[in-house]
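S.K.: only geometry, no sequence info:
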């Protein structure tokens with residue numbers, strides 16, 4: 001499984017947590033710069049970063065990809081829209097939370113959100 005990371009670097013502990021939750025090994029973490037120019041349109045900036053990953057249309061549609069979204073909500077929305085268009089479905093995404101009781105701020109992987117499954121359940125509410 002490849003992780004496309006738009007956020008802070010993941011630790012070795014985070015990778016172990018992800019493998020446990022996903023039930024498969026992490027083969028690669030692709031770091032994507034998430035700093036954007038707030039005065040310019042977001043879509044071309046983020047589309048360019050996705051293009052720079054060098055994934056083929058086939059890889060987008062067939063590879064197991066897990067997304068760690070950028071923290072900026074507008075960027076996260078655009079990432080989801082663009083990735084959905086390339087994959088043909090919503091990707092699973094990571095949810096990290098700060099560890100409680102730690103003097104040094106650390107983040108642990110809380111869950112992997114299966115957005116496609118969430119969407120399918122929501123369709124039942126129409």
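M.R.: Great, that's in hand. Every value quoted in this text rests on a predicted model; they were computed, and no experiment measured them.
S.K.: What residue, apart from its backbone neighbours, is nearest residue 24 spatially?
M.R.: Distances taken as C-beta to C-beta, 6 or more residues apart in numbering put residue 1 closest to residue 24, at 5.2 Å, once the chain neighbours are dropped. For the C-beta atoms, the positions are set from N, CA and C on the backbone; glycine is no exception.
S.K.: so that neighbour touches residue 65, yeah?
M.R.: Yes. Counting by C-beta atoms under 8 Å, residue 1 does reach residue 65; the two are 7.4 Å apart.
S.K.: who touches whichever strand or helix holds residue 44?
M.R.: According to DSSP states H and E, residue 44 maps onto helix 42-52. For helix 42-52, contacts defined as C-beta atoms under 8 Å, 6 or more residues apart in numbering pick out 32, 33, 36, 37, 74, 75, 78, 79, 82, 83, 86.
S.K.: re the thing from before, more crowded one of residue 1 and residue 65?
M.R.: residue 65 (20 against 17; other C-beta atoms under 10 Å).
S.K.: what bridges to that one?
M.R.: residue 2 (DSSP bridges).
S.K.: rewinding a little: if you count neighbours, what's buried in the helix holding residue 44?
M.R.: Residues of helix 42-52 classed as buried: 42, 46, 47, 49, 50 (neighbour count, 16 or more other C-beta atoms under 10 Å).
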